[in-house]
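[1] just to be clear, the model below is a prediction. Sequence and coordinates:
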4 protein chains.
Amino acid sequence: MPTKKQKQVSAAPPERRRELLATAAEVFAAQGYNATTVRKIADAAGMLAGSLYYHFDSKESMLDEILSTFLDELWAGYDTVLAAGLGPRETIEALVTESFREIDRHRDAVAIYQKESRHLAVQPRFRYLADSQVKFEKAWLGTLERGVAEQAFRADLDVRLTYRFVRDTVWVAASWYRPGGLHSPEEIARQYLSMVLDGIALRR
Amino acid sequence: MPTKKQKQVSAAPPERRRELLATAAEVFAAQGYNATTVRKIADAAGMLAGSLYYHFDSKESMLDEILSTFLDELWAGYDTVLAAGLGPRETIEALVTESFREIDRHRDAVAIYQKESRHLAVQPRFRYLADSQVKFEKAWLGTLERGVAEQAFRADLDVRLTYRFVRDTVWVAASWYRPGGLHSPEEIARQYLSMVLDGIALRR
Amino acid sequence: MPTKKQKQVSAAPPERRRELLATAAEVFAAQGYNATTVRKIADAAGMLAGSLYYHFDSKESMLDEILSTFLDELWAGYDTVLAAGLGPRETIEALVTESFREIDRHRDAVAIYQKESRHLAVQPRFRYLADSQVKFEKAWLGTLERGVAEQAFRADLDVRLTYRFVRDTVWVAASWYRPGGLHSPEEIARQYLSMVLDGIALRR
Amino acid sequence: MPTKKQKQVSAAPPERRRELLATAAEVFAAQGYNATTVRKIADAAGMLAGSLYYHFDSKESMLDEILSTFLDELWAGYDTVLAAGLGPRETIEALVTESFREIDRHRDAVAIYQKESRHLAVQPRFRYLADSQVKFEKAWLGTLERGVAEQAFRADLDVRLTYRFVRDTVWVAASWYRPGGLHSPEEIARQYLSMVLDGIALRR
DNA sequence: TATGAATGAGATTTCATTCAT
DNA sequence: TATGAATGAAATCTCATTCAT
């Protein structure tokens, strides 16, 4: 039964949008949002700059949709993990693994997020970035604190510093990660977790 | 390393220049290079946009001077460390500590470097960024490999992954570091090293 | 007078055309011709912008048809009045009454005419607006002059000023007139004529 | 003592602005706001389109400044009249005369106001147009009502209709008025008042 | 040294119009 | 008849840069 492409019954309209957003995300990630002209996006999509405005209100709304779509999916994954009732170490392991999966699925969006979220977050339109940031910190920092209390994590470290360490460590990976590379997201997660949890020094 | 452009105006008091560059760096770091208009810099410096051109050739040359000054100093520090003939673990410790000191001294430049160096490096004018990158990798990766060989570091990790892990982990700190905060650069370095080398998990 | 363009699509049901023109006229009148996008018209008509082009050549041709239809009807009425051989005062009364009837029937067209005719008239396509203007002035000014000569109207006024006064006085009414309001066009005409002819001051 | 141009001591900066606004107003009045491109304004001012943005934020802000400046002056004049404690007929006479003086001084702004104020007034930025409208109606309608009560004006007319009649009759004059023409504003006001108050019909 | 005004190139956006389906 | 997608021209606006004073 050679149905290469199942008919998009009701999911028809967003199809083109999604393609265009993927293209835009690629260019944004590669060149930076501000350095990206809509003409570059249109070129990459094989159309004229003005034509993009049939699909989107503005360059900014493309950025908005890219980021919010990513964050929605990220939180779907995180919320599942957080609701699973795991111990602190297992929660951290699951969050890190989930993060690398998201990087794998949304590499461009993550890269954009890394570079732009800080100065975007002050704009009302992008308030949700700041909100997400807060929720994010609550989840990770809370887990780390629980881990210290339950003697899963070291107590001699500034927990806030630890939080930043783990957070940055994971997410900057998006800047060099290439989907379809040598390592699967799970494999990268495994090695990262090993380093983060046990260190890189050889134990004697 | 960056070859310094000839100073543009003969006897421009270096004092004012430095102030203006610091101002520019602050704005670049906060808003991103492309999103920063010369007007914003001028506003922050209390002058009109056109007046900046008495001091600098162009917006790009400000960026250039900020980044090259930073890299010059960074390499002065690194080269001293690398010439000291320390063991691999001690070398890593010294490099990390030196890195946090540079973040302390050049926070804005580091933040700019993080955000912009990738797409700048392709321009001839900023070739030195790519050169530095190569030299940087040689120093760190080499030290890590030496450490594995000398059984200072674990052999079961992908060393390239380890390199990125350590590199990113240290430098992203510039994105949240505030000079004059709770911890001195040395204290932060100490804790970071402890995490990187020994992990955050409690050993039983 | 406007020479009708050939109907663009052979058997386009004139019914739908008329509806669409009424819709277009409404939007033109409310927002101004230039500020009206074809999308706004299409929205108001419950279709997509491109679909309008099945019915009309262009946005301009809609405007053309609205204005020429209105002027055709206006002149049918005026010509009847002018051919009736009335005295000057009675002619003015009849013209004013007829004008308010036209405002009642073509409110939007009149409003558009008021706002746009001056700058449209220079275009060849809209030459008929200028022609109408000339014919209009001839009819009114002539009647007023005849009235002065026959001692129906005051001789101490600049007749040109009087002409403008009467003309404007009547037609601006389209800007506030709402069909189906308190007063019938005939009643408004009566009161306007009373003011124009006898003034608003109480006679002692 | 040939002082052609007194030195503009403190009023220096707005000089250029005022010139440019006058130019813009001229073009807006002639072609309509929407049909006027900033390029046309710039051409008329002998500069490039982009250069206008050194002086103004946007095309809209030029319009805003033109209209608000006009209304400020108008109300200064009206308020003086209204505060003078005149009888109703004398108040109407003074308001009409003042109106023609404003038309003389701000012909372009008045023409723009006539054409654009209705659809602008719905925008928050131009709320003051609606406010002014209300205040305007209060002043004129109030005076007319007082005049009816004090038997200065006819009681057999719909006063609201009378208000519109007088209001429109005066202000549309801006559409044909040319400063420096045959009649001074005062002379036009005199004849208009004569028509409005006593009618154009010859009394027997 | 700095200002005020402008340039000119290019960016984003708008919109009437077209056209295959 | 209408839709969905696009074109292409032009409009508004931005901004690094220049320059006379």
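    Yep, it's here.
[2] what does whichever helix or strand residue A:91 is part of rub up against?
    Residue A:91 belongs to helix A:88-105 when elements are defined using DSSP states H and E. By C-beta atoms under 8 Å, 6 or more residues apart in numbering or on different chains, the residues outside helix A:88-105 that reach it are A:70, A:73-74, A:77-78, A:81-82, A:84, A:86, A:110, A:139-140, A:143-144, A:146-147, A:150, A:152-153, A:166, A:170-171, A:173-174, A:177, A:179, A:184-186, A:188-190, A:192-193, A:196-197, B:201. In short, each C-beta sits where N, CA and C put it, glycine included.
[3] repeat that for stretch A:117-124.
    A:63, A:67, A:126-127, A:129-130, A:133, B:30-32, B:35, B:175.
[4] and the residue positioned nearest the centre of chain A, what does it touch?
    For chain A, the residue sitting closest to the mean C-alpha position, by C-alpha atoms, centre = their mean, is residue A:110 at 3.9 Å. For residue A:110, the contacting residues are A:70, A:102-103, A:171, A:174, by C-beta under 8 Å, 6+ apart.
[5] please redo it, this time with the cut-off set to 10 Å
    Counting by C-beta atoms under 10 Å, 6 or more residues apart in numbering or on different chains, residue A:110 makes contact with A:25, A:29, A:67, A:70, A:74, A:99, A:102-104, A:171-175, A:177.
[6] can you select the buried ones from the contacts of helix A:88-105 in ChimeraX?
    Filtering the contacts of helix A:88-105 down to the buried ones (16 or more other C-beta atoms under 10 Å in any protein chain shown) takes a single ChimeraX command:
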select /A:70,74,77,78,81,82,110,139,140,143,144,146,147,152,153,166,170,171,173,174,177,185,188,189,190,192,193,196,197 /B:201
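[7] would residue A:84 count as being in a helix?
    No - counting by DSSP: H, G, I helix; E, B strand; the rest coil, residue A:84 is not found in a helix; it is coil.
[8] which residues are in contact with it?
    Contacts for residue A:84 (C-beta under 10 Å, 6+ apart) come out as A:90-91, A:94.
[9] what does residue A:19 give?
    Residues in contact with residue A:19 (C-beta under 10 Å, 6+ apart) are A:45, A:55.
[10] with residue A:32 instead?
    A:111-112, A:115-116, B:32-35, B:115-116, B:118-119.
[11] flag every buried residue along stretch A:121-129.
    Across stretch A:121-129, burial judged by 16+ other C-beta under 10 Å covers A:126, A:129.
[12] with just CA atoms, put the helix holding residue A:91 into PDB.
    Output of helix A:88-105 as PDB, limited to C-alpha atoms (Å, rounded to 0.1, in the frame of the first residue of the first chain):
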ATOM      1  CA  PRO A  88      16.000  13.900  42.700                       C
ATOM      2  CA  ARG A  89      18.900  12.200  40.900                       C
ATOM      3  CA  GLU A  90      16.500  10.400  38.600                       C
ATOM      4  CA  THR A  91      14.600  13.600  37.900                       C
ATOM      5  CA  ILE A  92      17.800  15.400  37.000                       C
ATOM      6  CA  GLU A  93      18.700  12.500  34.700                       C
ATOM      7  CA  ALA A  94      15.300  12.500  33.100                       C
ATOM      8  CA  LEU A  95      15.300  16.300  32.600                       C
ATOM      9  CA  VAL A  96      18.800  16.300  31.100                       C
ATOM     10  CA  THR A  97      17.800  13.500  28.700                       C
ATOM     11  CA  GLU A  98      14.600  15.200  27.800                       C
ATOM     12  CA  SER A  99      16.500  18.500  27.200                       C
ATOM     13  CA  PHE A 100      18.900  16.800  24.800                       C
ATOM     14  CA  ARG A 101      15.900  15.300  23.000                       C
ATOM     15  CA  GLU A 102      14.400  18.800  22.700                       C
ATOM     16  CA  ILE A 103      17.700  20.100  21.400                       C
ATOM     17  CA  ASP A 104      17.600  17.300  18.900                       C
ATOM     18  CA  ARG A 105      14.100  18.200  17.800                       C
END
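[13] ok, the next helix or strand along the chain from it near DNA strand F or not?
    Going down the chain from helix A:88-105, the next helix or strand is helix A:107-120, by DSSP H and E. No - using C-beta under 7 Å from any atom of the strand, helix A:107-120 stays clear of DNA strand F, coming no nearer than 13.1 Å.
[14] which helix or strand lies directly C-terminal to helix A:107-120?
    Using DSSP H and E, the helix or strand that directly follows helix A:107-120 along the chain is helix A:127-149.
[15] okay, and the closest residue to chain C within chain A sits in which element?
    When scored by C-beta to the nearest C-beta, chain A has residue A:54 as its residue closest to chain C, at 10.6 Å. Applying DSSP H and E as the criterion places residue A:54 in helix A:52-55.
[16] hmm, who's touching that helix?
    Taking C-beta under 10 Å, 6+ apart as the rule, helix A:52-55 contacts A:16-17, A:19-21, A:23-24, A:38-39, A:41-42, A:45, A:47, A:58-59, A:61-62.
[17] hmm, which of those residues are the buried ones?
    Among those, those classed as buried by 16+ other C-beta under 10 Å are A:20-21, A:23-24, A:38, A:41-42, A:45, A:59, A:62.
[18] quick one: contacts for residue A:169?
    Residue A:169 is in contact with A:96, A:192, A:195-196, B:164-166, B:168-169, B:172, B:195-196, counting by C-beta under 10 Å, 6+ apart.
[19] okay, those in CSV with pLDDT and secondary structure next?
    Formatted as CSV, the contacts of residue A:169 follow (pLDDT from 0 to 100; DSSP: H, G, I helix; E, B strand; the rest coil):
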residue, pLDDT, secondary structure
A:96, 97, helix
A:192, 95, helix
A:195, 95, helix
A:196, 96, helix
B:164, 94, helix
B:165, 93, helix
B:166, 94, helix
B:168, 92, helix
B:169, 91, helix
B:172, 93, helix
B:195, 96, helix
B:196, 96, helix
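[20] no more questions from me, cheers.
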